[in-house]
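> I'd like to go over a predicted model; first the sequence, then the structure.
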Amino acid sequence: MMTTSAQSVTLGAEKPKDTQNEEQKKLMSLYKNVEAVTNIPWYILAAIDQYERNVRHSRNDIPKAEGLIEIYIKPEVWTGPLNPNKEDKNPTSIGLFGGIGEDGDGDDLADPNNDMDVLYSFAHYLESYGTDLENLKIGLWDYYQRDKSVGLILGHMKLYKKYGHLKLDKHAFPVPLNHNYSYKNTWGDARGWGGRRIHEGTDIFANYGVPVRATCFGVIEMKGWNKFGGWRIGIRDIDNTYHYFAHLNGFADGLAVGQVVEPGQLIGSVGSSGYGPPGTSGKFPPHLHYGLYKDNGRTEWSFDPYPHLRAWERADRNR
Ligand SMILES: [Zn+2]
């Protein structure tokens, strides 16, 4: 994984709760409206929009969205590759040049800054592949040409479909507060277990067998052995953040890659696995190594989990 620890990241609520709830209500009604006319399920539209929202918020080469829908369609794709007018909003000429831009709100304009137009156009593009999951995947791959992007969208889709709403930003501290544990801010320290470079994460020291819990709503993306991390698990949340748990003693029963988990759900227990072939343990004191990584549609980088852990610990205490 690439790492540039200088980049800072906000997790979850960047806006006041009321504004967020209001926006999520409006978004849901946009998704449902477009589902009604294209037969593309709302949770797929929501997943694409959310993937693009995350990408847009972590890059500065894509213009800020004017509306609520954040799917960015490049001018040459919107207006058609051979269209001499890259600002064309005429649905007829766009159609002639093979652009995907269409009029979704009935004002006779195909406007890439209009929420309904963007969502409808993208849904209509996907619909041309078919509305079953296999064909939708092909449509997504043709559009993004990157397995990782399609994988992230499918993960978001699972979460939205399972929970039926857009609000999935709840977090939990990875260790139950009634157990003994300790941790401090070691971000960037030269020492530490789990890597040879700077220490990319927070070590939470606790006894063998202390429960380790999911910190977010997410999808298990990786589970297994790594020479340094030992038994470890990776969970991808709806904000495209990857939550990494290493040196585990073992995993909770039945956990599998692709499975959806919730904040507070048991995923394993604290151990000291790692630094050798599978099963190696006891080369350092038992602790949970917890890391956070972000993906911006091109690369991945790690950021400091410590302030987030402090906030989740506080929230758990107040619950
Ligand atoms: Zn560590």
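Good, I have the coordinates. Numbering: from 1, shown residues only.
> for the protein, which spans come out with low pLDDT?
When residues are selected by pLDDT under 70, those of the chain lie in 1-14, 190-198.
> Show me the longest helix that occurs in it.
For the chain, the helix with the greatest residue count under DSSP state H is helix 17-38.
> next structured bit after it?
Secondary structure here is assigned by DSSP states H and E; on that basis, the next helix or strand after helix 17-38 toward the C-terminus is helix 42-57.
> so how far is residue 262 from residue 306?
The gap separating residue 306 from residue 262 is 23 Å, by CB to CB, to the nearest Å. C-beta: built from backbone N, CA, C; applies to glycine.
> still on that earlier bit, give me the angle between the longest helix of the chain and helix 42-57.
Interaxial angle of helix 17-38 relative to helix 42-57 (axes from the mean of the first three to the mean of the last three CA atoms, to 10 degrees): 130 degrees.
> elements contacting helix 17-38?
In this structure, helix 17-38 makes packing contacts with helix 42-57, helix 115-127, judged by 3 or more CB pairs under 8 Å, 6 or more residues apart in numbering; DSSP states H and E.
> Residue 231 contacts residue 248, doesn't it?
Yes. Residue 231 lies in contact with residue 248 (CB atoms under 8 Å); the separation is 4.3 Å.
> tell me, what's touching the two both at once?
268, 271, 273 (CB atoms under 8 Å, 6 or more residues apart in numbering).
> Which strand runs longest in the protein?
Using DSSP state E, we find that the single longest strand of the chain is strand 241-251.
> partners of it in the sheet?
Pairing partners of strand 241-251, with direction, according to DSSP bridges: strand 230-237 (antiparallel), strand 266-270 (antiparallel), strand 287-295 (antiparallel).
> List the buried residues in that strand.
For strand 241-251, the buried set under the neighbour-count rule, 16 or more other CB atoms under 10 Å, comprises 241, 242, 243, 244, 245, 246, 247, 248, 249, 251.
> now swap in stretch 23-40 and tell me
Neighbour-count burial for stretch 23-40, counted by 16+ other CB under 10 Å, picks out 27, 28, 30, 31, 33, 34, 35, 38, 40.
> That stretch: how far from the chain's middle?
Remark: stretch 23-40 is offset 21 Å from the chain centroid, using CA atoms, centre = their mean, to the nearest Å.
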